[in-house]
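[1] I would like the atomic coordinates for the input below:
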Amino acid sequence: MRIRIVGAGAMGRGIAQWAATAGHTVELCDVRAEAVTAAVDFVRSMLERAVQKGRMSAGDCAATLERLIPLDDPWAQGPDVELVVEAVREDLDTKTEVFGRLEKALPATALFATNTSSLSVTRIAAALEDPTRLAGLHFFNPVPLMKIVEIVPGAATRPEIPPALTALVESCGHRAVTVADTPGFLVNHAGRGLVTEALALLEETVGDPADIDRIARDVLGLRMGPFELMDLTGLDVTAAVIDSIWQGFRHADRLRPSYLTPNRVAAGLHGRKTGRGWYAYGPEAPVPAPEPPVAGDADRPVFVHGAEGQDRDAAALRTALTAAGAVVETGDGPSADALVLVPVWGTTVAAAVAGHGLPAGRAFGVDPLPAAGRRRVLAVTRE
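    Presented below is the predicted three-dimensional model:
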């Protein structure tokens, strides 16, 4: 298949590498010629690294690069193009303009796909003379490693297009899932529970980005925390997705964008691609500070609030503390010296302390979620 990719940024170059490696001829283009040159150089470096690590032969590397064709003009005639994948910035007007110009340059048989991460596929397609030829084909960064691809039919998309895109994706080694054309589709909509809430935690000074990322990795089992993910994706992209989903769901409170992002975007603190985001990058970047060691009085007794034999979370916590060598008190209440741990679900430790008459100065909430693992999350009162 001959595929034209319009947009040579992080997503476009990743899609180009993925498709060319799978054996397809790829035309890579952008309105900025220097972006195409940089993208081809990047793909070459990735393929050469794969050869060095023994994941690809030198011959396959050379053949893949031969299939990657830099194109000077995104709107050039392309009678042999069978699929266009648009990967330009997350802006409705920009995307509709791109497809409008492509519709004039390419044959009616060419399928159109947008890599939008949150915009309405139906609205993008509506600007075309033939809106039935367009669907969403949403990849994730980095494309060669992130194996899931969302297939998003718009309201007018021809029924045979999603199965055709699914076959293409799966023939290239990725997994396709067809989802509805709703704000954020599936993955980015679900992801608001991670990124949007992480920003809210930062707003509320619950923790700094490094602490929140550590907890997300260790407790939730994620490969990277939400702030690391924003730096990888690009805060400019993340902020646009957050706004788009919030607007698409009629400004629902649970999806409220953070006030922290607009100024950071305006300042160019986009993440890895700009050298600085929530973290600094590059050879001059300071080494991240190590997590402070755990300190305290290991012999001080601990009392876990919760009725014996009735509160499973409290019982599990007592068992874990005992196994770790802690002195765990039993009985109806804590001694005068004991630290008090309160397993809390969906409430504040202050409310639990007040409701049960516990000593606020030495009481901590404990998240019961991580039943196993190396980290427990504590909540303190403001006394």
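[2] centroid-nearest residue for this structure?
    For the chain, the residue sitting closest to the mean C-alpha position, by CA atoms, centre = their mean, is Leu229 at 5.4 Å.
[3] isn't it right up against Asn188?
    No - look at Leu229 against Asn188 with CB atoms under 8 Å: they stay out of range, at 11.5 Å. Where you see a C-beta, it was placed from the backbone N, CA and C, and this is true even at glycine.
[4] buried ones in stretch 200-207?
    The neighbour-count criterion (16 or more other CB atoms under 10 Å) identifies Leu201, Leu202 as the buried residues of stretch 200-207.
[5] endpoints of that stretch, how far apart?
    Counting by CA to CA, to the nearest Å, the length from the leading to the trailing residue of stretch 200-207 is 10 Å.
[6] can you list contacts of that stretch?
    Around stretch 200-207, the neighbours that count as contacts under CB atoms under 8 Å, 6 or more residues apart in numbering are Asp208, Pro209, Ile212, Ile215, Ser258, Tyr259, Leu260.
[7] can you give me the strands in this structure?
    Assigned strands in the chain, in chain order: 2-6, 25-29, 68-71, 83-86, 111-114, 134-138, 148-153, 175-178, 302-304, 328-329, 339-343, 363-366, 378-380 (criterion: DSSP state E).
[8] in JSON lines, list those along with mean pLDDT, mean neighbour count and distance to Val36.
    Putting the strands of the chain into JSON lines (pLDDT from 0 to 100; neighbours: other CB atoms under 10 Å; distance: least, CB to CB, whole Å) gives the following:
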{"stretch": "strand 2-6", "mean pLDDT": "98", "mean neighbour count": "24", "distance to Val36": "10"}
{"stretch": "strand 25-29", "mean pLDDT": "98", "mean neighbour count": "23", "distance to Val36": "6"}
{"stretch": "strand 68-71", "mean pLDDT": "97", "mean neighbour count": "18", "distance to Val36": "5"}
{"stretch": "strand 83-86", "mean pLDDT": "98", "mean neighbour count": "23", "distance to Val36": "15"}
{"stretch": "strand 111-114", "mean pLDDT": "98", "mean neighbour count": "26", "distance to Val36": "19"}
{"stretch": "strand 134-138", "mean pLDDT": "98", "mean neighbour count": "27", "distance to Val36": "20"}
{"stretch": "strand 148-153", "mean pLDDT": "98", "mean neighbour count": "21", "distance to Val36": "23"}
{"stretch": "strand 175-178", "mean pLDDT": "97", "mean neighbour count": "15", "distance to Val36": "27"}
{"stretch": "strand 302-304", "mean pLDDT": "93", "mean neighbour count": "23", "distance to Val36": "61"}
{"stretch": "strand 328-329", "mean pLDDT": "94", "mean neighbour count": "18", "distance to Val36": "64"}
{"stretch": "strand 339-343", "mean pLDDT": "91", "mean neighbour count": "23", "distance to Val36": "56"}
{"stretch": "strand 363-366", "mean pLDDT": "90", "mean neighbour count": "22", "distance to Val36": "53"}
{"stretch": "strand 378-380", "mean pLDDT": "81", "mean neighbour count": "13", "distance to Val36": "51"}
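[9] quick one, which of those strands is nearest to Ser57?
    For these, distance to Ser57 was read as CB to CB. The smallest value, 16.9 Å, belongs to strand 68-71.
[10] format the CA atom coordinates belonging to that closest one as CSV.
    What follows is strand 68-71 as a C-alpha-only set of coordinates in CSV (Å, rounded to 0.1, in the frame of the first residue of the first chain):
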residue,chain,number,x,y,z
LEU,A,68,10.3,6.1,3.2
ILE,A,69,9.9,8.9,0.7
PRO,A,70,10.3,12.6,1.7
LEU,A,71,7.8,14.7,-0.1
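[11] and that strand, which strands flank it?
    strand 25-29 (parallel) (DSSP bridges).
[12] distance between the partner strand and the chain's centre?
    26 Å (CA atoms, centre = their mean, to the nearest Å).
[13] stretch 268-285 too?
    Taking CA atoms, centre = their mean, the mean C-alpha location of stretch 268-285 is offset from the chain mean by 17 Å.
[14] measure it end to end?
    16 Å.
[15] to Met56, which of the strands of the chain lies closest?
    Between the strands of the chain, strand 68-71 lies closest to Met56; by CB to CB that is 14.1 Å.
[16] before we move on, back to that, columns distance to Ala351 on top of the strands of the chain, output as a markdown table?
    Converted to a markdown table, the strands of the chain look like this (distance: least, CB to CB, whole Å):
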| stretch | distance to Ala351 |
| --- | --- |
| strand 2-6 | 53 |
| strand 25-29 | 56 |
| strand 68-71 | 59 |
| strand 83-86 | 50 |
| strand 111-114 | 47 |
| strand 134-138 | 41 |
| strand 148-153 | 39 |
| strand 175-178 | 40 |
| strand 302-304 | 18 |
| strand 328-329 | 23 |
| strand 339-343 | 10 |
| strand 363-366 | 9 |
| strand 378-380 | 11 |
